[in-house]
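Engineer: Quick one, structure for this:
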Amino acid sequence: MAAKKLSKALISEVQKWGCLKQTGVSLRYMMEFGSTPTQKHLLISAQFLHKELPIRIARRAIELESLPYGLSQKPAVLKVRDWYLDSFRDLRQFTEIKDTNDEQGFTQMIKMIKVRHNNVVPMMALGVQQLKKELNPKILYQIHLDEIHQFLDRFYMSRIGIRMLIGQHVALHDPNPPPDCVGYIHTKMSPMEVARNASEDARGICLREYGSAPEIDIYGDPKFTFPYVPTHLQLMVFELVKNSLRAVQERYMDSDKVAPPVRIIVADGLEDVTIKISDEGGGIARSGLPKIFTYLYSTAKNPLDEFLNSDSTDAMTMAGYGYGLPISRLYARYFGGDLQIISMEGYGTDAYLHLSRLGDSQEPLP
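Structural biologist: Purely as a prediction, here's the structure:
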């Protein structure tokens, strides 16, 4: 896979934009701004993105050039870098946004950019795999992969922000938005309902994979709602419940005891909404706990293995390349929350998903 020849002009422009300051937005601001999506508001939003997106994309493109251990030269990483450079070029070639026609053209273009970047996560995972395959296992444990982890945290956090900004702008064009929705944000989201949907999806996957699945019990106030992005919460709860189901299922598979249910508790505090997901799946050894938030560790079989030798870039399942937990934690942190995992080896695991209720925290800008 030959990397593109890059023009000097493009490189210097990327360098220039990568030095400019990013501007973060809060959930509350997105909600208030988008609550009246007039043509004037959409124009202002497009003008903001026209200036903001090239800065964020340039920063990532620059970082992709200078990764440690030769990661930048891996074919999959070069492919991701090319996607970022193409998107940067598209944004810069779009001249000023002066009227509704310009705004509509710009919206179509950023929609395309979002699609172009759909497979960034599996593609980067593939690059890291390509690196791991080459490194001697002895060296792999001696070198500190911290640099790569910190890079991936910044890289994926930035990607969440870019996709949120594009998705939010595009969704504000919906002529018939669902009730109480402002773009991606649901102003009266029921965490109980989202947790129920996400856990049913996770249970479906468990049934398909193992032929049976533990029960899931959900506790909390079904009438309680708060403003949040349901797709983000869905992704996080799905990931955590899927892990719990897998642990319980594998622990009780050959036992004549009934598998204990996975319990989900939704608590609404003044500052935080906390969702606790508890299982009796045997827990994680304390020595293994630091690893669960790294990008180079998964207990599931790896779907990337069959993908490594092919040139295909199909979207892949979240399971198996070990990114579910670290990426879920980034989603939680993106709007000022967090994710903590507490485990009792020999018994089970509790995951605490904290979501900030105030919606005031600025995007964390890597």
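
Engineer: show me what contacts residue 335?
Structural biologist: If you count contacts by C-beta atoms under 8 Å, 6 or more residues apart in numbering, residue 335 has them with 27, 228, 229, 232, 355, 356, 359, 361. The C-beta positions use only the backbone N, C-alpha and C, and glycine is treated the same way.

Engineer: just the residues you listed now: which is nearest residue 239?
Structural biologist: Relative to residue 239, the closest of the contacts of residue 335 is residue 232; by C-beta to C-beta it sits at 11.2 Å.

Engineer: Tell me if I'm right that the closest one and residue 331 touch.
Structural biologist: Yes - the pair residue 232 / residue 331 is scored as a contact, 4.8 Å apart, by C-beta atoms under 8 Å.

Engineer: re earlier: cross-reference the contacts of residue 335 with the helices and report the matches.
Structural biologist: 27, 232 (DSSP state H).

Engineer: mind giving me CSV with the contacts of residue 335 and columns for neighbour count, distance to residue 206 and pLDDT?
Structural biologist: Formatted as CSV, these follow (neighbours: other C-beta atoms under 10 Å; distance: C-beta to C-beta, whole Å; pLDDT from 0 to 100):
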residue, neighbour count, distance to residue 206, pLDDT
27, 23, 32, 85
228, 26, 26, 94
229, 22, 25, 94
232, 21, 22, 94
355, 27, 25, 95
356, 20, 30, 91
359, 20, 33, 75
361, 16, 34, 77
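
Engineer: Any chance of the contacts of residue 335 in TSV with distance to residue 153 as columns?
Structural biologist: Output for these, formatted as TSV (distance: C-beta to C-beta, whole Å):
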residue	distance to residue 153
27	20
228	22
229	20
232	17
355	19
356	19
359	23
361	17
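
Engineer: any idea which helix or strand of this structure has the worst average confidence?
Structural biologist: Ranked by mean pLDDT, DSSP states H and E, the weakest helix or strand in the chain is helix 305-308, scoring a mean of 48.

Engineer: Am I right that residue 71 is in contact with residue 129?
Structural biologist: No - using C-beta under 8 Å, residue 71 is not in contact with residue 129; the gap is 10.9 Å.

Engineer: can you pull out the strands in the stretch 201-350 of the chain?
Structural biologist: Ranges of strands in the stretch 201-350 of the chain, per DSSP state E, counting those that start in this stretch, are 216-219, 226-228, 262-268, 272-279, 338-344, 348-356.

Engineer: The ones you listed: which one's closest to residue 247?
Structural biologist: strand 272-279 (5.7 Å).

Engineer: quick one: contacts of that closest one?
Structural biologist: If you take C-beta under 8 Å, 6+ apart as the criterion, strand 272-279 is touched by 191, 195, 214, 226, 228, 237, 240-241, 244-245, 247-248, 260, 262-267, 337, 348-357.

Engineer: Filter those residues down to the buried ones.
Structural biologist: Buried members of these, counted by 16 or more other C-beta atoms under 10 Å: 191, 195, 214, 226, 228, 237, 240-241, 244-245, 247-248, 260, 262-266, 337, 348-357.

Engineer: Nearest residue to the middle of the protein?
Structural biologist: By C-alpha atoms, centre = their mean, the chain has its centre lying nearest to residue 327, at 4.9 Å.

Engineer: Could I get the pLDDT score of that residue?
Structural biologist: On pLDDT, residue 327 comes in at 92.

Engineer: so it touches residue 153, yeah?
Structural biologist: No - counting by C-beta under 8 Å, residue 153 is not a contact partner of residue 327; they are 9.5 Å apart.

Engineer: OK, contacts around the residue nearest to the centre of the chain?
Structural biologist: Contact analysis of residue 327 by C-beta under 8 Å, 6+ apart lists 121, 156, 235, 239.

Engineer: now these as TSV including pLDDT?
Structural biologist: Output for the contacts of residue 327, formatted as TSV (pLDDT from 0 to 100):
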residue	pLDDT
121	89
156	93
235	94
239	94
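
Engineer: Could you export those as a markdown table, including distance to residue 148 and neighbour count?
Structural biologist: Shown next, in a markdown table, are those (distance: C-beta to C-beta, whole Å; neighbours: other C-beta atoms under 10 Å):
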| residue | distance to residue 148 | neighbour count |
| --- | --- | --- |
| 121 | 15 | 21 |
| 156 | 12 | 21 |
| 235 | 23 | 17 |
| 239 | 21 | 25 |
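
Engineer: Can you name the two of those residues that sit furthest apart?
Structural biologist: Maximum pairwise distance in the contacts of residue 327, criterion C-beta to C-beta, is 13.7 Å, between 156 and 239.

Engineer: what about the helices in the protein?
Structural biologist: Under DSSP H, the chain gives helices at 8-18, 27-34, 39-65, 75-93, 100-116, 120-134, 137-142, 146-171, 191-210, 230-252, 305-308, 324-334.
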